[in-house]
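Undergrad: Structure for this input, please:
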Amino acid sequence: MGKFISKIMVLLVRGYQVLISPYTPSSCRYSPTCSEYTVQALKKYGPIKGGKLAFKRIKSCHPWGGSGYDPVP
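TA: All right, here's what the predicted structure looks like:
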């Protein structure tokens with residue numbers, strides 16, 4: 001069941017990458033981008049831990065947050 005949920009979540013992120021992201025200004029301060037980080041975390045850890053890692057990463061995207069290379073642990 002966890003793999004199925006992960007696949008659905010990955011499809012949603014991929015949809016964002018294709019349908020929404022190209023129309024917004026590029027302002028990502030991390031490498032990989034937050035959406036790609038989310039996909040990698042979901043594939044590696046599943047929906048619960050991967051989702052927590054993705055949420056933590058997205059939460060740090062603000063002017064006083066971090067930047068640079070930040071791979072999925």
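
Undergrad: For the longest helix seen in the chain, the averaged confidence score.
TA: The single longest helix within the chain, with elements called by DSSP state H, is helix 34-59. Across helix 34-59, the average pLDDT comes to 95.

Undergrad: What helices and strands are in contact with it?
TA: Helix 34-59 is packed against helix 2-19, with contacts defined by 3 or more Cβ pairs under 8 Å, 6 or more residues apart in numbering; DSSP states H and E. Every C-beta, even on glycine, is put in place using the N, C-alpha and C of the backbone.

Undergrad: partners of the helix or strand following the helix it packs on in the sheet?
TA: Next in sequence after helix 2-19, counting helices and strands by DSSP states H and E, comes strand 30-31. Partners of strand 30-31 in the sheet, by DSSP bridges, are strand 68-69 (parallel).

Undergrad: Give me the residues contacting the partner strand.
TA: For strand 68-69, contacts defined as Cβ atoms under 8 Å, 6 or more residues apart in numbering pick out 29-31.

Undergrad: So for that strand, mean pLDDT?
TA: Mean predicted lDDT for strand 68-69 stands at 91.

Undergrad: and that strand, how far from the chain's centre?
TA: 14 Å (Cα atoms, centre = their mean, to the nearest Å).

Undergrad: which of the contacts of strand 68-69 tops the neighbour count?
TA: Tyr30 (19 neighbours; other Cβ atoms under 10 Å).

Undergrad: got the phi/psi numbers for the residue nearest to that residue when sequence neighbours are not counted?
TA: Closest residue in space to Tyr30, ignoring its immediate chain neighbours: Asp70 at 5.1 Å, by Cβ to Cβ, 6 or more residues apart in numbering. When read as degrees, to the nearest 10, the backbone of Asp70 gives phi -140, psi 80.

Undergrad: List the buried residues for the longest helix of the chain?
TA: 34-35, 37-42, 45, 47, 50-51, 53-54, 57 (16 or more other Cβ atoms under 10 Å).
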